[in-house]
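Enquirer: Take a look and give me a structure for this.
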Amino acid sequence: MTFSNSFESQGSGLLRLRTLVRLRWLAVIGQSIAIFSVHFMLGFKVPLGPCLAIIALSAWLNIFLTLRWRAGQRLASRPAGLLLGYDVLQLASLLYLTGGMENPFAFLFLVPVTVSATSLPILWTLGLAVLAFGCSSVLAIIHNPLPWAQNQTFSLPPTYIAGMWAALICGTVFSAIYARRIAEEARLMSSALSATEMVLAREQRLSALDGLAAAAAHELGTPLATIALVAKELKREIPKTSPHIEDIDLLISQAARCREILKRLAVPEQLSDDVYQQVSLHAMIEDLVAPLRGSDVTITIDAKASDDKKLSPEPVFLRNPAITYGVGNLLENAIDFAISSVDVKARWNGNQVTLTVADDGPGFDQTIFDQLGDPFVTTRPGYGADVQPEPGQHDGMGLGLFIAKTLLERSGATVSLANRKHPLQGATIQITWPRAQVDVIKA
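Expert: Residues are numbered from 1 along each chain as shown. Got it, this is the predicted structure:
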């Protein structure tokens, strides 16, 4: 693939042409100001013609890129890497003419490498780093004298030059690693938050189905009553010996069945919206646990006040898709890893509500304990792992715990993860809400 074809391809890179062009214009302006200031204001002898020719080459390259391609185009790795490589060589050429590593602007070698670290694959970043290291090593030995006052020379000791070279290498490596790490974490977090938003939107749609069902029941009630009435009139009109009498009876019975179904769907509509949306803590836990009781794991629920019940009645929550998904996901994880039992404990007092989910499984892996709750962190087989899940075994992407924790924290909760104390084994997750924030009775 030629450079032009690669440039014109719709790359999925993170680096836009506009970004590189603007950075290069900034370099052109800065280099021009530095050259003119040293030559005319300080009166130091600078090879003005060759320096301006090198700077003009960058300016013409920017003009060519702006006219040839759209500024907002995202660059593929190859053209972006080559353009950053040109910036390294252009800076090296200027430094060769103006003192090499003795020039205080030599630290600018780290700029193209840092830009690459935030947006290009690791191989291109390594290549640019090697190019910058090679140029700085050559410039430490071979270069024109540093521009200085007439009849005077300025020369730094070789030991000092070696120290500057080492400082440049260390600074470039540190900046590149730091920038790449920050950019990678930002990309992972953005991807994980997008997944969280999709999950929350799905849960909100599911929560809205109750209201849609009640509305459908209300709307369908009238035409269904008309169908039943007409069917009964037809039955009275036709002779009892008619072959259609059985069809009429079937129609009447099915209409009655539909009315019973619609009556059940309309129950939420018969209640006030506020009342239907409220659920006690114990009832909420029971609703989440009910679909999971068919497993081989025993689930026990213990819900009570941690002080006088008269002073601390059971908290009442509003039905919240974020809490429903978050707690439900943690319960499913506990059952997946549990050997025989999962304990769910709810405690409350006048200030806070605490829900604890504990299992008797292997507990959290200590090697990734500090990363638990971060996106794409998992010990399950199947995602980014060499070991594939066994048939029937749940595989993971490392997003479940992150999404659950994020949604619960959005509801005002604090989520704590720990392993159970010896001699018990297993993991325990504690969710704590300020009572005033979730209890609709106290609010």
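
Enquirer: Can you get me the centre-to-centre distance for stretch 113-121 and its chain?
Expert: Between the centre of stretch 113-121 and the centre of its chain there are 20 Å (CA atoms, centre = their mean, to the nearest Å).

Enquirer: ok, residues contacting that stretch?
Expert: If you take CB atoms under 8 Å, 6 or more residues apart in numbering as the criterion, stretch 113-121 is touched by 13-15, 20, 23, 77, 80-81, 84, 88, 124-125, 128-129, 132, 172, 175-177, 179-180, 182-183. C-beta: built from backbone N, CA, C; applies to glycine.

Enquirer: For PyMOL, what selects the buried ones among those?
Expert: What follows is the PyMOL syntax selecting those of the contacts of stretch 113-121 that are buried according to 16 or more other CB atoms under 10 Å:
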select buried, resi 13+15+20+23+77+80+81+84+88+124+125+128+129+132+172+176+179+180
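
Enquirer: Which of the contacts of stretch 113-121 fall in helices?
Expert: Secondary structure of the contacts of stretch 113-121 is defined by DSSP state H; positions in helices are 20, 23, 77, 80-81, 84, 88, 124-125, 128-129, 132, 172, 175-177, 179-180, 182-183.

Enquirer: quick one: the helices in the stretch 151-300 of the chain?
Expert: Here the stretch 151-300 of the chain has its helices, by DSSP state H, counting those that start in this stretch, at 158-237, 245-265, 267-270, 273-276, 281-289.

Enquirer: Would you map out the domains in this protein?
Expert: Dividing the chain into domains by automatic domain parsing, as the record does, gives the ranges 3-156, 207-271, 278-438.

Enquirer: least reliable of those domains going by mean pLDDT?
Expert: In terms of average pLDDT, domain 207-271 trails the rest of the domains of the chain, at a mean of 71.

Enquirer: which helices and strands does the host helix or strand of residue 36 pack with?
Expert: Assigned by DSSP states H and E, residue 36 belongs to helix 17-36. With contacts defined as 3 or more CB pairs under 8 Å, 6 or more residues apart in numbering; DSSP states H and E, the packing partners of helix 17-36 are helix 48-68, helix 77-97, helix 110-119.

Enquirer: Just the C-alpha atoms of that helix, please, in PDB.
Expert: As requested, C-alpha coordinates have been extracted for helix 17-36 and formatted as PDB (Å, rounded to 0.1, in the frame of the first residue of the first chain):
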ATOM      1  CA  LEU A  17      -4.600  15.500  10.600                       C
ATOM      2  CA  ARG A  18      -5.800  18.800  12.100                       C
ATOM      3  CA  THR A  19      -4.000  18.000  15.300                       C
ATOM      4  CA  LEU A  20      -0.600  17.300  13.700                       C
ATOM      5  CA  VAL A  21      -0.900  20.300  11.400                       C
ATOM      6  CA  ARG A  22      -1.600  22.700  14.300                       C
ATOM      7  CA  LEU A  23       1.200  21.200  16.300                       C
ATOM      8  CA  ARG A  24       3.600  21.700  13.400                       C
ATOM      9  CA  TRP A  25       2.400  25.300  12.800                       C
ATOM     10  CA  LEU A  26       3.100  25.900  16.500                       C
ATOM     11  CA  ALA A  27       6.600  24.400  16.000                       C
ATOM     12  CA  VAL A  28       7.200  26.500  12.900                       C
ATOM     13  CA  ILE A  29       6.300  29.700  14.800                       C
ATOM     14  CA  GLY A  30       8.300  28.800  17.800                       C
ATOM     15  CA  GLN A  31      11.400  27.900  15.800                       C
ATOM     16  CA  SER A  32      11.200  31.000  13.700                       C
ATOM     17  CA  ILE A  33      10.900  33.200  16.800                       C
ATOM     18  CA  ALA A  34      13.900  31.400  18.500                       C
ATOM     19  CA  ILE A  35      16.100  31.800  15.300                       C
ATOM     20  CA  PHE A  36      15.300  35.400  14.700                       C
END
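
Enquirer: secondary structure class for residue 107?
Expert: In three-state terms, and counting by DSSP: H, G, I helix; E, B strand; the rest coil, residue 107 is helix.

Enquirer: Not counting residues beside it along the chain, what's closest to it?
Expert: Among residues not flanking residue 107 along the chain, residue 168 sits closest, at 6.1 Å (CB to CB, 6 or more residues apart in numbering).

Enquirer: what's the answer for residue 110, then?
Expert: Of all residues not flanking residue 110 in the chain, residue 172 sits nearest, at 4.2 Å (CB to CB, 6+ apart).

Enquirer: gap between that neighbour and residue 165?
Expert: If you measure residue 172 against residue 165 using CB to CB, to the nearest Å, the figure is 11 Å.

Enquirer: again with residue 96
Expert: Distance check for residue 96 against residue 165: by CB to CB, it reads 15 Å.

Enquirer: picking that back up, quick one: closest of the domains of the chain to residue 187.
Expert: If you check each of these against residue 187 by CB to CB, domain 3-156 wins as the nearest, at 8.0 Å.

Enquirer: those strands in the stretch 251-400 of the chain, which residues are they?
Expert: With DSSP state E, counting those that start in this stretch, the ranges of strands along the stretch 251-400 of the chain come out as 278-280, 298-305, 316-318, 341-348, 352-359.

Enquirer: In CSV: those, plus mean neighbour count and distance to residue 28.
Expert: CSV is the format used below for the strands of the stretch 251-400 of the chain (neighbours: other CB atoms under 10 Å; distance: least, CB to CB, whole Å):
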stretch, mean neighbour count, distance to residue 28
strand 278-280, 16, 65
strand 298-305, 14, 68
strand 316-318, 17, 59
strand 341-348, 20, 65
strand 352-359, 21, 60
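
Enquirer: I'd like to know which of these lies nearest to residue 189.
Expert: The stretch from the strands of the stretch 251-400 of the chain with the least distance to residue 189 (CB to CB) is strand 352-359; that distance is 25.3 Å.

Enquirer: Centre of the chain to that closest one, how far?
Expert: Once both centres are worked out by CA atoms, centre = their mean, strand 352-359 turns out to sit 26 Å from its chain's centre.

Enquirer: same check, this time on stretch 301-318
Expert: The gap between the average C-alpha position of stretch 301-318 and the chain average comes to 36 Å, counting by CA atoms, centre = their mean.

Enquirer: one step back: from residue 137, how far off is the residue nearest to residue 107?
Expert: 10 Å.

Enquirer: Lovely, talk soon.
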